[in-house]
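Peer 1: model the structure of this input:
(one chain, ligands or ions: 1)
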Amino acid sequence: MAEPATVTPVRISEELERSNQRPDDTSLIVHPQRRSSWGWNWRYTLGVVGIAVILAPITTVATWLGLGEAPIDTTNYALRTRRVLESTPLIDGHNDLPWLLRIELQNRIYGGRFDPTQRLLGHTDINRMKQGLVGGQFWSVYVHCDKAQKHFEDPSWLVRDTLEQIDVAKRFIAEYPDIFTFCTTPMCIRNAFKSGKISNMLGIEGGHQLGGSIASIRQAYDLGIRYITTTHNCDNAWATSASTVAAGGEDKGLTAFGAAYVREMNRLGMMLDLSHVSHQTMRDVLSLTQAPIIFSHSGAFAVTPHLRNVPDDVLRSVRRNGGIVMAVFVNRFLNMKDPSAVTIHDVVDHIWHLAEVAGWEHIGIGSDFSGTPHTPAGLEDVSKFPDLIELLMARGATDQQIRLLVGENLLRVWADIERRGREIQAEGSKPVEEEWEGRKWHTHYRSSPYMYRSTREKAIKEGWGEPNQFNVGKTGKHEEKIVKADEDI
Ligand SMILES: [Zn+2]
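Peer 2: Purely as a prediction, here's the structure:
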């Protein structure tokens, strides 16, 4: 692990003043010159000397002699930040804009109804993404837990609405081909960045959105989803959520079926996201997974003891696992006593702690912009990412550590997960066919043209009748024994 660089401590007010005074960036960028040959004619030499005299106030003797990379004032955080973000894509792990398309526009984005090239209210639009030097964005494809669904097997709109969110996110991305590229691989992010585009990726924010079905996970992957947040604020067929524990529920961690979920995520090479899960679920997954995991938007529990944040023992496991914790900007996760007092400095504190315990190689940024009503003072919207980077530098982060934080770690982790998936598939692992223990399939049709004699005999013997499409009785209520199964989850 790289150690933080030692710099003279700077008062916060000074940091802010400096970060607000952004100099003309080009003024200090001096390109190294080729070493001169002694055989050059004197006019050229005089010319070089003349230019050097002009440049002398803003450069160093070593630089114009071409003795190395142009050094800059290391306390010029604005310039350092710009240099880093112009050569490394800043990839934000979590933004909920597609949810707003749903609830504000019913996913109708054409005909001028939605124009993110204009200044919008809230946290996100294209100009502010550019201002914030955003290189890649994971859009969250989110649908809230269905309170009416008492049983994971209940017929529900969750999977349909998730498909609609994938659809609208892709249509939104496709509307701006000069600005956005839809990516499903880390290599795509690098290529998009090289060609000056913002890469756009999709993650599903909750296992409930897949109807407790592993087949649904595979289809989500085929549609371009690249991470699944294991739970949102409700338990599902494979895991316990942090919200359940916060509300006084027992932390049952991963279910038996959850182990099959982990196996399939590993096999697919899909990023398994542990933001929103209970602490026991985090530990259970980390003990089982054969690939690195991610936290797409979480903070440090030791700094703010909110159950959405990651405890230190888990941070140490993430270091061993090779995964990444992407720091969140949600006020109530950063200060439980007084969320309204949260500032950008609280985010710095969280990132610093994550880096100290998990290591600079295992942290990233996952804002939750457009998904949370209140963000820290100083981090009001997507244009403010550079301000955060400047403060981290002022606290002592090196350029290399910042490169890891903003994007290199995520790119490495994702590539590792992909590679592990390919290895597992090469070993001959078939798609996982396991199902939740409470899962009920259609009861049998009397007159189906069965393939097997044994089925036909059984159908006659048991007097199979009309099919029962769902696992629900005529009253809309579950049969007693299924409700009991639910209590076991
Ligand atoms: Zn969330």
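Peer 1: quick check: which element contains Val245?
Peer 2: For Val245, the host element (DSSP states H and E) is helix 242-246.
Peer 1: and that helix, average pLDDT?
Peer 2: Helix 242-246 carries an average pLDDT of 96.
Peer 1: show me what the helix or strand following that helix is packed against.
Peer 2: Sequence-wise, the next helix or strand downstream of helix 242-246 (DSSP H and E) is helix 256-268. Counting by 3 or more CB pairs under 8 Å, 6 or more residues apart in numbering; DSSP states H and E, the packing neighbours recorded for helix 256-268 are helix 214-222, strand 271-273, helix 279-288, helix 409-426. Every residue, glycine included, has its C-beta placed from N, CA and C.
Peer 1: elements contacting the second one?
Peer 2: Right, the one you point to is strand 271-273. In terms of contacts (3+ CB pairs under 8 Å, 6+ apart), strand 271-273 is packed against strand 225-229, helix 256-268, strand 294-298, helix 409-426.
Peer 1: ok, the first one: who's next to it in the sheet?
Peer 2: Same thing as strand 225-229. Paired strands of strand 225-229, with direction, are strand 198-204 (parallel), strand 271-273 (parallel) (DSSP bridges).
Peer 1: make TSV out of those and add mean pLDDT and mean neighbour count.
Peer 2: TSV is the format used below for the strands paired with strand 225-229 (pLDDT from 0 to 100; neighbours: other CB atoms under 10 Å):
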stretch	mean pLDDT	mean neighbour count
strand 198-204	98	25
strand 271-273	98	27
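Peer 1: mind putting those strands into TSV with distance to Arg453?
Peer 2: Output for the strands paired with strand 225-229, formatted as TSV (distance: least, CB to CB, whole Å):
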stretch	distance to Arg453
strand 198-204	42
strand 271-273	43
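Peer 1: is the most centrally placed residue in the chain in a helix, a strand, or coil?
Peer 2: The centroid of the chain falls nearest to Gly93 when counting by CA atoms, centre = their mean (2.5 Å). Three-state call for Gly93 (DSSP: H, G, I helix; E, B strand; the rest coil): strand.
Peer 1: got the contact list for the closest residue to it other than its chain neighbours?
Peer 2: Nearest residue to Gly93, sequence neighbours excluded (CB to CB, 6 or more residues apart in numbering): Gly366, at 3.2 Å. Contacts were defined as CB atoms under 8 Å, 6 or more residues apart in numbering; by that measure Gly366 touches 92-94, 138, 275, 295-298, 326-328.
Peer 1: surely the residue nearest to the centre of the chain meets Met326?
Peer 2: Yes: using CB atoms under 8 Å, Gly93 is in contact with Met326, at 3.8 Å.
Peer 1: between the two, which contacts overlap?
Peer 2: With CB under 8 Å, 6+ apart, Gly93 and Met326 have common neighbours 294, 296-297, 364-366, 410.
Peer 1: how about a markdown table for those residues, with distance to Val382 added?
Peer 2: Below are the shared contacts of Gly93 and Met326 laid out as a markdown table (distance: CB to CB, whole Å):
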| residue | distance to Val382 |
| --- | --- |
| Ile294 | 20 |
| Ser296 | 16 |
| His297 | 14 |
| Gly364 | 16 |
| Ile365 | 11 |
| Gly366 | 13 |
| Leu410 | 17 |
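Peer 1: of these, which is the most crowded?
Peer 2: Of all these, His297 has the most neighbours under the rule other CB atoms under 10 Å, reaching 34 neighbours.
Peer 1: from Ser367, how far off is that one?
Peer 2: Going from His297 to Ser367 by CB to CB, to the nearest Å gives 7 Å.
Peer 1: shared neighbours of the two, anything?
Peer 2: Going by CB under 8 Å, 6+ apart, residues that sit against His297 and also against Ser367 are 93-94, 328.
Peer 1: next SSE after the helix or strand encompassing Leu101?
Peer 2: For Leu101, the host element (DSSP H and E) is helix 97-105. Downstream of helix 97-105, the first helix or strand assigned by DSSP H and E is helix 126-131.
Peer 1: so what does the helix or strand following that following helix touch, helix or strand wise?
Peer 2: Proceeding N to C from helix 126-131, the next assigned helix or strand is strand 134-141, under DSSP H and E. Strand 134-141 sits against strand 90-95, helix 97-105, helix 158-174, helix 186-194, strand 198-204, strand 225-229, with contacts defined as 3+ CB pairs under 8 Å, 6+ apart.
Peer 1: which one of those lies closest to Ala397?
Peer 2: strand 90-95 (14.0 Å; CB to CB).
Peer 1: now the angle from that closest one to strand 134-141?
Peer 2: 10 degrees (axes from the mean of the first three to the mean of the last three CA atoms, to 10 degrees).
Peer 1: now strand 90-95: buried residues?
Peer 2: Going by neighbour count (16 or more other CB atoms under 10 Å), the buried part of strand 90-95 is 90-95.
Peer 1: and for stretch 125-137?
Peer 2: Neighbour-count burial for stretch 125-137 flags 125-126, 128-129, 132-137 (criterion: 16+ other CB under 10 Å).
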